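# what's the 3D shape of this:
(chains A and B)
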2 protein chains.
Amino acid sequence: MMNAIAENRLINLLAERFRRSPLQANGLHESDAELLRIGPSTYLAATTDTLAEEIACGLYRDPYLIGWMAVMASMSDLAAVGARPIGMLISELIPRDASEMYLRSLQQGIQDACAKCETYIAGGDTNAGAQLSITGCAFGVVRGSRTPLGRLGCLPGDILFATGPLGTGNAFALAQFIGGTGIAFRPVARLREGRLISSLASSRMDTSDGVLATLDQLMRLNGTGFDLDDGWERSCSPEALAVAAAHGVPPWLLLAGEHGEFELLFTLPEAREEQLLEHLAGTSCAPLRIGRVTTEPVITMPIRSERTPIDTARIRNIGNDHYGDVETYIAELMTIDDELQKGVHHVHA
Amino acid sequence: MMNAIAENRLINLLAERFRRSPLQANGLHESDAELLRIGPSTYLAATTDTLAEEIACGLYRDPYLIGWMAVMASMSDLAAVGARPIGMLISELIPRDASEMYLRSLQQGIQDACAKCETYIAGGDTNAGAQLSITGCAFGVVRGSRTPLGRLGCLPGDILFATGPLGTGNAFALAQFIGGTGIAFRPVARLREGRLISSLASSRMDTSDGVLATLDQLMRLNGTGFDLDDGWERSCSPEALAVAAAHGVPPWLLLAGEHGEFELLFTLPEAREEQLLEHLAGTSCAPLRIGRVTTEPVITMPIRSERTPIDTARIRNIGNDHYGDVETYIAELMTIDDELQKGVHHVHA
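Numbering: from 1, shown residues only, chains lettered A, B, ... in the order given. Alright, predicted model coming up:
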């Protein structure tokens, strides 16, 4: 089932020869950050994320944003396992002609994102390269005797939550590529929220690849499905909805595109909903209830008032099939919406 | 003094805006791996290293070697602080046209190097990129109540050792670029040796950038100099010396080129030499005594039987000044040797 997704296939091929550490608590694909038991009740959480395609295709142009995202992408992975960050390493491939001003802005983005997450750059590496790319590696600690919660564990009937408004990542991408009304994009990793939900949630994953890709991956890992509520659109950021409207893009595609908003999606047994609200009382965290875990491994959502099954595998593979061709990528998403309107549904989970 | 070296200048610029973690035990430039105090007597050692220039310029062509080196470069940094590895993350920028066979060989090199170091790949990231580049990030643990030993601490009079034969990295590079007699190059990080010398040595650093660059960096950090023994040539690998001879390259340039052998250089108060041998008795580790720490911040070595001061700053900056131009790089080194023969010595430390 994992192999239906080109990205999972590549990861499986690359990891095929690797032996797993006896200290590692999570299996392949099962966690946003890797979890290694380093003490009786201490896990090291570690994750790495490279910004390369996002820069090469023109999605991230502002060096400050590039620096910010290099930190936040990894921090968001730590958030998704409830870790407290210890620090980060940054490795940069820098074009020889990059100006000092450009580099200063890049580094300021890194520093400000670190400050926002109360963490630090511990060190790094630099190389000359034809095109800027930047690899962040973050490590943190999760304390507790139980294996930290990752992507596994949701059960049919559990409620699905998001830690904050959805759609900002794809609205930002839309404006970057097509122009017109823009949207501020400066996500903040949900580190605090991640820790607060650790003992209550039944599974979780960050939306770095977009909401539907996240649900698709959780579906494949847990063998469950997801059904989004009638009110899912109210969980979208109003600014994101405005960008979609301005471009004539149907709102549900804000969840379908592969540039996510770096929120966490998490599931919770219904009986724990009150406890969740108690845990979060007095914080600024107000999770948005967006759906339910279902028995059949399929993702459905109301689109134009009709409960619609979504071919998330097809959506996730567009980026791979049309690599670097943003125009075709958007056109393909619009084609899928078109087919849904005409009632052509081919779901291959 | 650090700013005389282009690479140090770039690192200083990039790190200028960063705040340092209160947990971090080492300053900028002071350690091969970053050291963060995570418990009363536990330090996390973390390091990252990207292979990009080595691949782009044709130094590393065999995918197996690329994978091997992606692991060993970071493991060597852990060795240089006496850490025991916990695991690694690997992020790869992979060209879209890379074959499965190529990728399998790359990943096998990674796995075999991990097995050699008794460590594991915990996870990673993949992106499409125009040219293969691969970032390793390694983490390990150093136990003990004292700050783990890094590059700082040597004093005039201390003895200088290498953990193994020198010159293999540059001999390999010479054969790769010029052709002719080759040399096997598959360095193994000196993890065990690094741990065994931890309580005795007064400073240490790995030779990933070549022996003279390593000594130059230790000189700048400690304010001391180094004087290589008459017998330094006996510490070179016979195969490396043969490659140099076959190409008409004077042996001392095996220490000058910037492709190192991933040995450790370490210093030791003379009074502890016997203790060192006791510590290493029963192991296969036989450190080579190659010189002395001196008071004046200059590096001298016998070349053609004459004690010669070496302009290591000039040597270290060649790669930066003639980026990617291997022919000029080698020609510049030969020019410096020529000038030494003619007695033109301009040392700017």
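
# what about the strands in the stretch 151-300 of chain A?
Taking DSSP state E, counting those that start in this stretch, the strands of the stretch 151-300 of chain A run over residues A:159-162, A:203-206, A:225-228, A:264-268, A:288-294, A:299-303.

# show me what contacts A:R61?
Counting by C-beta atoms under 8 Å, 6 or more residues apart in numbering or on different chains, A:R61 touches A:Q176. C-betas here are computed from N, CA, C, even on glycine.

# actually A:M75, sorry about that
With C-beta under 8 Å, 6+ apart, A:M75 has these contacts: A:85, A:113, A:117, A:119, A:138, A:189, A:191.

# turn those residues into TSV, columns for neighbour count.
Compiled in TSV, the contacts of A:M75 are given as follows (neighbours: other C-beta atoms under 10 Å in any protein chain shown):
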residue	neighbour count
A:P85	23
A:A113	28
A:C117	23
A:T119	25
A:A138	32
A:A189	27
A:L191	23
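
# so which of those residues are in strands?
A:85, A:138 (DSSP state E).

# now the end-to-end length of stretch A:13-22.
End-to-end distance for stretch A:13-22, by C-alpha to C-alpha, to the nearest Å: 21 Å.

# any residues touching that stretch, and which ones?
Contacts of stretch A:13-22 (C-beta under 8 Å, 6+ apart): A:27-28, A:36, B:86-87, B:92, B:100, B:103-104, B:107-108, B:110-111, B:114-115, B:119-122, B:124, B:126.

# gap between that stretch and the chain center?
Offset of stretch A:13-22 from its chain centre (C-alpha atoms, centre = their mean, to the nearest Å): 24 Å.

# that one: which residues count as buried?
A:14-15, A:17-18, A:21 (16 or more other C-beta atoms under 10 Å in any protein chain shown).

# on that earlier part again, and the contacts of A:M75, which is closest to chain B?
For those, the residue nearest chain B by C-beta to the nearest C-beta is A:T119; the value is 7.6 Å.

# give me the pLDDT for the closest one.
With respect to pLDDT, A:T119 scores 98.

# how about A:V347?
Confidence for A:V347, expressed as pLDDT, is 53.

# what of A:R9?
92.

# that one looks like it's in a helix, true?
Yes. Counting by DSSP: H, G, I helix; E, B strand; the rest coil, A:R9 falls inside a helix.

# is it in contact with A:H29, as I believe?
No. Using C-beta atoms under 8 Å, A:R9 is not in contact with A:H29, being 11.4 Å away.

# more neighbours, these two?
Neighbour count, other C-beta atoms under 10 Å in any protein chain shown: between A:R9 and A:H29, A:H29 has more, with 18 against 14.

# list the contacts of the more buried one.
Neighbours of A:H29 in contact, by C-beta under 8 Å, 6+ apart: A:2, A:8, A:11, A:151, A:217, A:220-221.

# name the element it belongs to?
Counting by DSSP states H and E, no helix or strand carries A:H29.

# can you show me the helices along the stretch 101-250 of chain A?
Ranges of helices in the stretch 101-250 of chain A, per DSSP state H, counting those that start in this stretch, are A:168-178, A:191-196, A:211-222, A:238-246.

# what about the residue nearest to A:C57 when sequence neighbours are not counted, how many neighbours?
The shortest distance from A:C57 to any non-neighbouring residue, by C-beta to C-beta, 6 or more residues apart in numbering or on different chains, is to A:G324 (5.7 Å). Per other C-beta under 10 Å, the neighbour tally for A:G324 reads 13.

# same thing with A:G210?
By other C-beta under 10 Å, neighbour count at A:G210 equals 27.

# so for it, what's the pLDDT?
98.

# re earlier: can you say which of the strands of the stretch 151-300 of chain A is nearest to B:G291?
strand A:203-206 (52.0 Å; C-beta to C-beta).

# do that closest one and chain B come into contact?
No. Residues of strand A:203-206 contacting chain B under C-beta under 8 Å from any C-beta of the partner chain: none, with a closest distance of 13.6 Å.

# show me what that strand is in contact with.
Contacts of strand A:203-206 (C-beta under 8 Å, 6+ apart): A:32, A:76-77, A:79-80, A:149-154, A:158, A:190, A:194, A:197, A:214, A:217-218, A:222, A:260, A:262-267.

# write the ChimeraX selection for whichever of the residues you listed are buried.
Those of the contacts of strand A:203-206 that count as buried under 16+ other C-beta under 10 Å are selected in ChimeraX with:
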select /A:32,76,77,79,80,149,150,151,152,153,154,158,190,194,197,214,217,218,222,260,262,263,264,265,266,267
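
# now narrow the contacts of A:M75 to whatever sits close to chain B.
Applying C-beta under 8 Å from any C-beta to the contacts of A:M75, those adjacent to chain B are A:T119.

# so A:G167 sits right up against A:P238, yeah?
No. A:G167 is not in contact with A:P238 according to C-beta under 8 Å; the separation is 9.6 Å.

# what is the three-state secondary structure of whatever residue of the stretch 201-349 of chain A ends up closest to chain B?
Of all residues in the stretch 201-349 of chain A, A:Y323 sits closest to chain B, with a separation of 5.9 Å (C-beta to the nearest C-beta). Assigned with three-state DSSP, A:Y323 falls in the coil class.

# that one: neighbouring residues, count only.
For A:Y323, using other C-beta under 10 Å, the count is 14.

# likewise for A:D125?
Neighbours of A:D125 (other C-beta under 10 Å): 23.

# same check on A:I336?
19.

# ok, now which ones touch it?
Contacts for A:I336 (C-beta under 8 Å, 6+ apart) come out as A:256, A:311, A:314-315.

# let's see that with 10 Å instead.
Residues near A:I336 by C-beta atoms under 10 Å, 6 or more residues apart in numbering or on different chains: A:252-253, A:256, A:310-311, A:314-315, A:318, A:344, A:346.

# mind checking which of those are in strands?
A:I310.

# need the contacts of A:I336 in CSV with distance to chain B and neighbour count, can you?
Shown next, in CSV, are those (distance: C-beta to the nearest C-beta, whole Å; neighbours: other C-beta atoms under 10 Å in any protein chain shown):
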residue, distance to chain B, neighbour count
A:W252, 27, 25
A:L253, 23, 23
A:A256, 21, 23
A:I310, 25, 25
A:D311, 23, 20
A:R314, 20, 16
A:I315, 18, 22
A:I318, 14, 22
A:V344, 30, 9
A:H346, 27, 9
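
# so which one among the contacts of A:I336 has the lowest pLDDT?
A:H346 (54).

# quick check: closest non-adjacent residue to A:L23.
Per C-beta to C-beta, 6+ apart, closest to A:L23 is A:L36, 4.5 Å.

# does the one you found sit in a helix, a strand or a coil?
strand.
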